[in-house]
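Engineer: just to be clear, the model below is a prediction. Sequence and coordinates:
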Amino acid sequence: MTNYTPTALAGRRLPNRWDGAALLLVMGLLIALVDVGRGTISTSIATIQNSPIHLDPAYLPYYALRSTARMFAALFFSLLFTFTYATLAAKSRRAGMVLIPILDILQSVPILGFLTFTTVFFLGLFPGKVMGAELASVFVIFTSQAWNMAFSFYQSLTTLPNDLQEASRCFRLSPWQKFWRLDVPFGMPGLVWNTMLSMSGGWFFVVASEAVTVGNTTFTLPGIGSYVATALAQENLRAIFYAIIAMLVLILLYDQLLFRPLVAWSGKFRFETTATVSGPEPWMLKVLRRTALFQDIGDFLGGIMRALTRLRLALPAKAQVSENEEPSRLVDGLWFAVIALVAVYAGYRIFSFVSGTLHWSDVGTAVLMGGFTLLRVMVLMVIAALIWVPIGVWIGLRPKATRIAQPIAQFLAAFPANLLFPPVVLAIVYFHVMPDIWLTPLMLIGTQWYVLFNVIAGAAAFPGDMKEAVANFHIRGWLWWRKVMIPGILPYFITGALTASGGAWNASIVAEVASWGSTNLAAHGLGAYIAQATAAGDTPRVVLGVVVMSCFVIFINRILWRPLYAYATRRTTLG
Amino acid sequence: MDQNVSQPLVTVRNCRQSYHKEASADLVVLDDVDLTLHEGEIVALLGRSGSGKSTLLRIVSGLLKPTSGDVRWRGEPLRGPAPGVAMVFQSFALFPWLTVQENVELGLEALGVKKDEREERSEEAIDLIGLGGYDTAYPKELSGGMRQRVGLARALVVHPDLLLMDEPFSALDVLTAETLRTDLIDLWMEKKLPLKSILIVTHNIEEAVLMADRILVFSSNPGRVAHELKVPFAHPRNRFDPAFRQMVDDIYGIMTRRAPKPAPAATARTGFATPLHPVSTNLISGLIETLYGAPYHGRADLPALAAALQYEVDDLLPLGETLQLLGFAVLEEGDLILTETGKKFADAETEDRKEIFTEQLRANVPLVNAIRAVIDQRSNHRASAVRFRDELEDNMSPEYADETLRAVISWGRYAEIFEYDEEAQQFGLEEEDEEEEA
């Protein structure tokens, strides 16, 4: 399977002042959201009809359909966002200076912490209508999908091959034609891969965003997530079991009908000059390609698409490049000043928002809690590495095992882990063990698979001639791990570990507190801190918690993962 | 050829292209270049890499705006890609996700040509260029030669007056390149191409003499038109014709002639103004051995040597210049002649060779000494490569600075004058050296 650099790693090392400004802007925006949300909190909730959730499994297909529809709605908006935001950031130097750090920060914000406020915000937009709640849910899924898609597209746009750009200009394609003929196709493989990863990650948020408690009202949308929430509240283990089965079927369908065909299809756009041997064609793609009916439909849709993209829609564009034109210093200066002003204003708003109720000691508490969660994430990563690296290497070195295990690992990574929480919680309640320790594994239950399937990919990609050389020199045991295998899979492992640890931070908000009926469990940590503040309606502390968590994630990406990844790719590749 | 056409297709006057540098003077890529293109002629721009010939091609195409100078297309000032100009790229620049036909139709789509006409014209171009039957293939299914045929068809389908070719055959193997050249010239002679003129950029001397009616030879650093030659031979040309060989030989002579370089004394002494080619020490040894042995016995004709080694002039000249720089050989009127030191080197054993190389390096490449001197001055015996790169960039383009630094690192390592830590980008000394110093 193709391995793409995760977007959090591949970005250029950006100057810090832009990061600072971006952090302020993002947080200011979120606070504005909260402000608006708080203003409307009292009016809208009570008036909305709460649709009851039935635990009868016969309803599950319908609920699954509703959840999937939300997923695709979010995907649509994510694509729209990707095409506009990334294009703007790539084509305009000045816009890119701000937009890209903002995207970098947004990637690290645990959006689950804002679930309540975004829900209230959207309910406020459509008072008394279910539309608001639907949009709120879609928005949460959107925030889990959009950032890495936009990042991937931006990276493609900045690495467009020079000769193709020149050819486009030389043959005088209009910007609209160039976008569809060059920009989008070139970005397609990375975009499809990231979209599919986003979709996989999205199931987690679908489940989390359908049942939202605002104040005293729990608001439920028909869907699998609400079904599970209701089952939890009613202590109905059988229903949870049904939900898990339904989810398995849903993801299996998504995997077979969409993920695999799309990724295989996007190989067509891979920018390479030699035909590569690719794996077997997914059966769904075969059906689509070889069935007359599907072909007709495809041709029809393709024809419309082609006609649209062929339109000139010419805007006056600069076709001639002047390489010695200096960008205007004056405009640059004005632009910097505007950004600085907005950032200062955002900083002021953040300050005034939290200063009324918060004390410096609160910051200390939040950071301390962050430390606990950090410790958890680190310990989990070590344990996951110890378990999955040997297994992954064992599988990856055996092509037959790889063919069987790799799709399963990818499949498991898409499975929303929050559905597996109830059995664990039940066990903790039953055995009376410490939640501080035993709630911890929940954080990694869903994301550990990223470690596994990346390690498998790394081991499978290990060059055959090097394997032979290693066998020839009788390198075995610890030496084999130290000098051969671990360096060989390092970039892959780091890719997986970064994804897993990032997911773990986000999951901590739902994993550090858990409930079964009327029993509530809580561990010490930043996730629990945010979750409890949310439950208590203590907005300033939610904001503080989210800011601290974002900072933790950003710092760890910058200090640990990015240098490690750079080191690994530099040291372990020839040339 | 008929040269008495009223108006030239392209005129370029006093064209200058430079890149702005903050620290020092501007880097000049093209300096005071004039070019006139008439209908009915094939003109070749011949020069080493970095001589600015591709830059000039991009200026003529309207893709690039020169720093100063006047560029006219049919008498009108050129602002952006002109409708009557099409380009063929060295890398083919085909869109891998489009089929052959879709690639060919691209330029017509941009012109807003209707579907029926588009299909008719692309079919015509595809057949003309010998691609019939490949319409629905994707570029990656084709060989290099077939891909460049697609590139040609794509350019011809828009019926341009001027065809620009940027090293069109240099990414192909020798035989394929020959076939494509011949096919193109045949079509040109039979007047089957919808073209008025061809401008081709190349670093291959034989290619220029085979194809062009007129050759502009460029000198490097900064790029200037050093010579203009008319090629008097009729098509089809025979590359084994003595007159043909003589012309190739003459151009080799022109291209190896050293341009007098007035460099300020201070920088000349430290060597920061001399660009170096990152030629590996294995290649240096290999070439010296080849020159020393039969059939050359210390003296080789460059065209013959290039043919024997299957090198293009762009590969061979940097090598020859490096030998000359290190005092192993001299370049004279298209010949490469081994010096006494060079002969001594060829006779020596591995360890002695290293010693000779070190001597020559220290004597002829002051930059190595400058780096060693800085390392010795430092108490920790380490020096950052960044400062040397910066100093080099004050005197040459970043690409040249990078190549020069790579050359110095590779040679200095081989000669064991210093060590280099790629990770930290630092020069240092070997352990034992450090102890000696202490």
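Structural biologist: Great, that's in hand.

Engineer: can you pull the buried residues of the longest helix along chain A?
Structural biologist: The longest helix of chain A (DSSP state H) is helix A:360-396. Taking 16 or more other C-beta atoms under 10 Å in any protein chain shown as the basis for neighbour counts, the residues of helix A:360-396 that come out buried are A:362, A:365-366, A:369-370, A:372-374, A:376-377, A:380-381, A:384-385, A:388-389, A:391-393, A:395-396. (Each C-beta comes from the backbone N, C-alpha and C, glycine too.)

Engineer: then stretch B:115-133?
Structural biologist: Neighbour-count burial for stretch B:115-133, counted by 16+ other C-beta under 10 Å, picks out B:118, B:121-123, B:125-126, B:128-131.

Engineer: can you add secondary structure, distance to chain A and pLDDT and give the residues you listed back as a markdown table?
Structural biologist: Supplementary listing: those in a markdown table, determined by DSSP: H, G, I helix; E, B strand; the rest coil; distance: C-beta to the nearest C-beta, whole Å; pLDDT from 0 to 100:
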| residue | secondary structure | distance to chain A | pLDDT |
| --- | --- | --- | --- |
| B:Arg118 | helix | 10 | 92 |
| B:Arg121 | helix | 14 | 93 |
| B:Ser122 | helix | 13 | 93 |
| B:Glu123 | helix | 18 | 92 |
| B:Ala125 | helix | 13 | 92 |
| B:Ile126 | helix | 16 | 93 |
| B:Leu128 | helix | 18 | 91 |
| B:Ile129 | coil | 17 | 90 |
| B:Gly130 | coil | 21 | 89 |
| B:Leu131 | coil | 17 | 89 |
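
Engineer: max pairwise distance over the residues you listed: which two?
Structural biologist: Across these, the longest distance by C-beta to C-beta is 20.3 Å; it joins B:Arg118 and B:Gly130.

Engineer: in what helix or strand does A:Leu544 lie?
Structural biologist: A:Leu544 is part of helix A:539-556, with elements assigned from DSSP states H and E.

Engineer: what residues sit buried inside that helix?
Structural biologist: Under the neighbour-count criterion of 16+ other C-beta under 10 Å, helix A:539-556 has A:539-554, A:556 buried.

Engineer: ok, the nearest residue to B:Ser68 once chain neighbours are set aside - contacts?
Structural biologist: If you skip the residues right next to it in sequence, B:Ser68 has B:Arg16 as its closest partner in space, 4.8 Å away by C-beta to C-beta, 6 or more residues apart in numbering or on different chains. By C-beta atoms under 8 Å, 6 or more residues apart in numbering or on different chains, the contact set of B:Arg16 is B:28, B:30-33, B:66-69.

Engineer: chain A contacts on the stretch 151-300 of chain B?
Structural biologist: B:154, B:158 (C-beta under 8 Å from any C-beta of the partner chain).

Engineer: would you state the helices of the stretch 151-300 of chain B in chain order?
Structural biologist: Using DSSP state H, counting those that start in this stretch, the helices assigned to the stretch 151-300 of chain B run over residues B:174-189, B:205-211, B:242-256, B:265-270, B:281-292.

Engineer: report the secondary structure state of B:Val113.
Structural biologist: Taken by DSSP: H, G, I helix; E, B strand; the rest coil, the conformation at B:Val113 corresponds to coil.

Engineer: surely it meets B:Ser122?
Structural biologist: No: applying C-beta atoms under 8 Å, one finds B:Val113 not in contact with B:Ser122, separated by 9.6 Å.

Engineer: re earlier: so is the residue nearest to B:Ser68 in a helix, a strand, or just coil?
Structural biologist: If you use three-state DSSP, then B:Arg16 falls in the strand class.

Engineer: before we move on, the earlier item: wait, which of the helices of the stretch 151-300 of chain B is closest to A:Ala507?
Structural biologist: Proximity to A:Ala507, assessed across the helices of the stretch 151-300 of chain B by C-beta to C-beta, is greatest for helix B:281-292 (54.8 Å).

Engineer: now that closest one: buried residues?
Structural biologist: Applying 16+ other C-beta under 10 Å to helix B:281-292 flags B:281, B:284-285, B:287-288, B:291-292 as buried.

Engineer: output stretch A:462-482 as CSV - backbone C-alpha positions only.
Structural biologist: Coordinates of the C-alpha atoms in stretch A:462-482 are reproduced here as CSV (Å, rounded to 0.1, in the frame of the first residue of the first chain):
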residue,chain,number,x,y,z
PHE,A,462,12.4,-3.6,2.8
PRO,A,463,14.6,-4.2,-0.2
GLY,A,464,15.2,-7.8,-1.3
ASP,A,465,18.9,-7.4,-2.0
MET,A,466,19.5,-6.1,1.5
LYS,A,467,17.6,-9.0,3.0
GLU,A,468,19.9,-11.3,1.0
ALA,A,469,23.0,-9.4,2.1
VAL,A,470,21.9,-9.7,5.7
ALA,A,471,21.3,-13.4,5.4
ASN,A,472,24.7,-13.8,3.7
PHE,A,473,26.5,-12.1,6.6
HIS,A,474,24.6,-14.2,9.1
ILE,A,475,23.2,-11.2,10.9
ARG,A,476,20.8,-12.4,13.6
GLY,A,477,19.2,-11.6,16.9
TRP,A,478,19.6,-8.2,18.5
LEU,A,479,22.1,-7.0,16.0
TRP,A,480,19.5,-7.7,13.2
TRP,A,481,17.0,-5.5,15.0
ARG,A,482,19.4,-2.8,15.8
